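Enquirer: I'd like to go over a predicted model; first the sequence, then the structure.
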There are 2 protein chains.
Amino acid sequence: MNSEPPVPETSVLAVASHVGKHNVGNKIAVFVLQSLGCDVAALNTVQFSNHTGYRQWKGTRVTAQEITELWDGLKQSYLDRFDMMLSGYVPGAAAVEAVGNIAKELKEKSQTKPGSFFWVLDPVMGDNGKLYVADDVVPAYRGLVHHADLILPNQFEAELLSEVKITDFASLRTAIETLHSRYNLPHIVITSVSLPLSAQRTPLDNSTTSRTMSVVGSTRTSTGKSRLFSITFPVFDAYFSGTGDMFAALMVVRMREAVASSCLKDKASWLSEDDVDALELPLAKAAEKVLASMHEVLSRTCEAMEAELNAVPAKEEGLNEEERAKKAHLLKSRAAELRLARNWGCLRGPTIEYRAVRLE
Amino acid sequence: MNSEPPVPETSVLAVASHVGKHNVGNKIAVFVLQSLGCDVAALNTVQFSNHTGYRQWKGTRVTAQEITELWDGLKQSYLDRFDMMLSGYVPGAAAVEAVGNIAKELKEKSQTKPGSFFWVLDPVMGDNGKLYVADDVVPAYRGLVHHADLILPNQFEAELLSEVKITDFASLRTAIETLHSRYNLPHIVITSVSLPLSAQRTPLDNSTTSRTMSVVGSTRTSTGKSRLFSITFPVFDAYFSGTGDMFAALMVVRMREAVASSCLKDKASWLSEDDVDALELPLAKAAEKVLASMHEVLSRTCEAMEAELNAVPAKEEGLNEEERAKKAHLLKSRAAELRLARNWGCLRGPTIEYRAVRLE
């Protein structure tokens, strides 16, 4: 295997949660970024014992003031040179604004050197129609999302930001075009679209039994038009935590890789010329590689998960029904943790199976 | 390059500082452990913007109570299965005790299955004759070090624990024998011995100009006798932060690797039979590999450091002498950060250059 990193020297500021055990938040993001050759500064927004999918956890949140102080600490020691920033879960509106201020400052500093700073923002607010942050986090994100270069909302978060309900292909297009126009957003990837995208022919058409999902992306033209593509992939029958964080970290690396050897890297927000087709966008190329890695890691995780669950004794003495159900949930959550450390090859050199298709 | 991890599935609890930017504490330990195939739970004892070598930093310490709560959080979700624990910098005596309690609990649980848990303790207290923790941290470590399987003190910390001043080979031996006997410690590596070890012939004998240092290790016999070895290596003319943390994380992996395929892994504390020679100890084999990785990473870091410092403008307008000196120190610290993310091959497959020699 080639040990040469896929990106040139890249310094990334990663802002997300830290969770003692488990591959979610910055735990996963930092490892993915470092594994692929980035130099990472991690600013952790919470320290929890385990991720909240377990429905119980202990630990503390970092305040907006602490975030700002950590940033001031970096600045006063000349440690604020970053090529990219990745922000994920941030607890509360004030903290979201504090993180936004860091990004704005880095953006401002890069004005004289177009393309020298790129902010990937995962606007973590909720999923499947439910908020899991306080209500005032939504306007906080609406207020700063126009500073981002690439956002990675899931379908629900895309609805919250665009204020367009996504129910079919037409409304999906409207949502993305609204995000491009209202926030002047260069790049968008909606990470979990479960619509049947009828315009799309996929390599999965024959396997009618397996459930699929799509990511849908677009890089705007100079006149604000969308260039839509989607990538459809099979869904595993299990709930994994940390997939969003892994997706985001991989996107950071693969976007950087996709522009590194072209003149795009010296253009603001790495915006492709208007005549570049959706399928030729660095964003589409990056997303293909990212999903390839994701699919391989999730396959390995599924295999390990089954083995681990099979090893658990079927029934345990001394527990009532409620306790048994709780324990079963905890053990299932544990078994579904992403298997990363032993599957480094999936991150570094995945085989692309699912290709982008143009959505028209 | 072989992407197969050097260790079997290994779950490690890593307790140390977290520093936003920079490869020290858990930042470096977690990456090293994960890169080499371990599944890591990180319990961060501080969150600082940068490491304290910069002489200025911002951030917060985690209290003893918070450490205990994070641990309780892991336990209540069945996330407390660990094959190994690595503990590094812990702020204050109460927090040291809290970390010690975690180790004791894991040790206790492993009693029925000898060799199933191994604690590597880096008793971070000071260096070069100076404490950098509060005075009461010293007795706190003395009170719990007998639960450890392997300790990694520097020369000063070995003196603090053994209460033997190390001035020559005889006192070095006395210090190590005292650590073995007083604390019943199975394995010891003193990570920075600057004595001329006259008994030793090294491959460096011809290069009289370069400064060298040694690590000195020993695994006790069943009757408490020491089996001493040393490995001498050249010292780079620069101050690097995080080398202790990197050394410790690599020792975790290489000790596990050294015993994994032998029956030693099922013996308490992985203690070799009495007839095993010092040079054949898993500890000596592990230390050789660890130093090989260290030397390669430090070489790469030195090269990058020189390039970075040469790129800094010689003189800057508008700063007085004091400000200039401060800035120079900060830039030098920045340049000396360990280059890890792009030098993964040095961790995975280093070339062993410096061999252990028996100290008699």
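Expert: Sure, I can see it.
Enquirer: quick one, helices of the stretch 101-250 of chain A?
Expert: Taking DSSP state H, counting those that start in this stretch to define them, one finds helices in the stretch 101-250 of chain A at A:137-144, A:155-162, A:169-183, A:243-260.
Enquirer: Give me whichever of those helices is most buried.
Expert: helix A:243-260 (a mean of 24; mean count of other C-beta atoms under 10 Å in any protein chain shown). Just so you know, the C-beta spots here come from the backbone N, C-alpha and C atoms, and that holds for glycine as well.
Enquirer: near chain B, anything from that helix?
Expert: No - using C-beta under 8 Å from any C-beta of the partner chain, helix A:243-260 stays clear of chain B, with a minimum separation of 11.1 Å.
Enquirer: touching chain B at all, the next helix or strand after that helix?
Expert: As assigned by DSSP states H and E, the chain's next helix or strand after helix A:243-260 is helix A:282-310. No - judged by C-beta under 8 Å from any C-beta, helix A:282-310 makes no contact with chain B; its nearest approach is 9.1 Å.
Enquirer: what about the most centrally placed residue in chain A, distance to chain B?
Expert: The centre of chain A sits closest to A:Ala248, judged by C-alpha atoms, centre = their mean, with a distance of 2.6 Å. Counting by C-beta to the nearest C-beta, to the nearest Å, the gap from A:Ala248 to chain B is 18 Å.
Enquirer: Could you do A:Gln155 as well?
Expert: 29 Å.
Enquirer: and if you look at A:Val145?
Expert: 24 Å.
Enquirer: what do you get for A:Arg220?
Expert: 32 Å.
Enquirer: Got phi/psi on that residue?
Expert: phi -70, psi 160 (degrees, to the nearest 10).
Enquirer: give the contact list for the nearest residue to it once chain neighbours are set aside.
Expert: Distances taken as C-beta to C-beta, 6 or more residues apart in numbering or on different chains place A:His180 nearest to A:Arg220, at 4.3 Å, with adjacent residues excluded. Taking C-beta atoms under 8 Å, 6 or more residues apart in numbering or on different chains, we find A:His180 in contact with A:Ile188, A:Ser218, A:Arg220, A:Gly224, A:Lys225, A:Ser226.
Enquirer: now, which of those sits nearest chain B?
Expert: A:Ile188 (28.3 Å; C-beta to the nearest C-beta).
Enquirer: Wait, that closest one touches A:Asp149, no?
Expert: No - counting by C-beta atoms under 8 Å, A:Ile188 does not reach A:Asp149; the two are 10.3 Å apart.
Enquirer: Settle it for me: which of these two has more neighbours?
Expert: The residue with more neighbours, out of A:Ile188 and A:Asp149, is A:Ile188; 27 against 22, by other C-beta atoms under 10 Å in any protein chain shown.
Enquirer: What's the separation between the more buried one and A:Phe169?
Expert: 16 Å (C-beta to C-beta, to the nearest Å).
Enquirer: all strands of chain A, in order?
Expert: A:11-19, A:39-48, A:59-61, A:84-87, A:118-121, A:126-127, A:130-131, A:150-151, A:187-193, A:212-219, A:228-234, A:357-358 (DSSP state E).
Enquirer: What is the longest one packed up against?
Expert: Counting contacts by 3 or more C-beta pairs under 8 Å, 6 or more residues apart in numbering or on different chains; DSSP states H and E, strand A:39-48 packs against strand A:11-19, helix A:25-35, strand A:59-61, helix A:64-76, strand B:39-48, helix B:64-76.
Enquirer: same check, this time on the fifth one
Expert: Using 3+ C-beta pairs under 8 Å, 6+ apart as the contact criterion, the neighbours of strand A:118-121 among helices and strands are strand A:84-87, helix A:93-109, strand A:150-151, helix A:243-260.
Enquirer: angle of the last one against strand A:39-48?
Expert: To tie it back to what came earlier, the one meant is helix A:243-260. Here helix A:243-260 runs at an angle of 170 degrees relative to strand A:39-48 (axes from the mean of the first three to the mean of the last three C-alpha atoms, to 10 degrees).
Enquirer: Just the mean pLDDT for helix A:243-260, thanks.
Expert: Averaged over helix A:243-260, pLDDT sits at 96.
Enquirer: Kindly export that helix (C-alpha atoms) in CSV.
Expert: Output in CSV follows, covering the C-alpha atoms of helix A:243-260 (Å, rounded to 0.1, in the frame of the first residue of the first chain):
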residue,chain,number,x,y,z
THR,A,243,-20.9,8.5,9.9
GLY,A,244,-21.6,12.2,9.4
ASP,A,245,-18.3,13.1,11.1
MET,A,246,-16.4,10.6,9.1
PHE,A,247,-18.1,11.8,5.9
ALA,A,248,-17.2,15.4,6.7
ALA,A,249,-13.5,14.7,7.5
LEU,A,250,-13.1,12.6,4.4
MET,A,251,-14.7,15.5,2.3
VAL,A,252,-12.1,17.9,3.7
VAL,A,253,-9.3,15.6,2.5
ARG,A,254,-10.8,14.7,-0.9
MET,A,255,-11.8,18.2,-1.8
ARG,A,256,-8.3,19.4,-1.1
GLU,A,257,-6.9,16.5,-3.1
ALA,A,258,-9.3,17.2,-6.0
VAL,A,259,-8.1,20.8,-6.4
ALA,A,260,-4.5,20.4,-5.3
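Enquirer: That one: how far from the chain's middle?
Expert: 8 Å (C-alpha atoms, centre = their mean, to the nearest Å).
Enquirer: which helices and strands does it pack with?
Expert: So helix A:243-260, by 3+ C-beta pairs under 8 Å, 6+ apart, packs with strand A:11-19, helix A:25-35, strand A:84-87, strand A:118-121, strand A:187-193, helix A:282-310.
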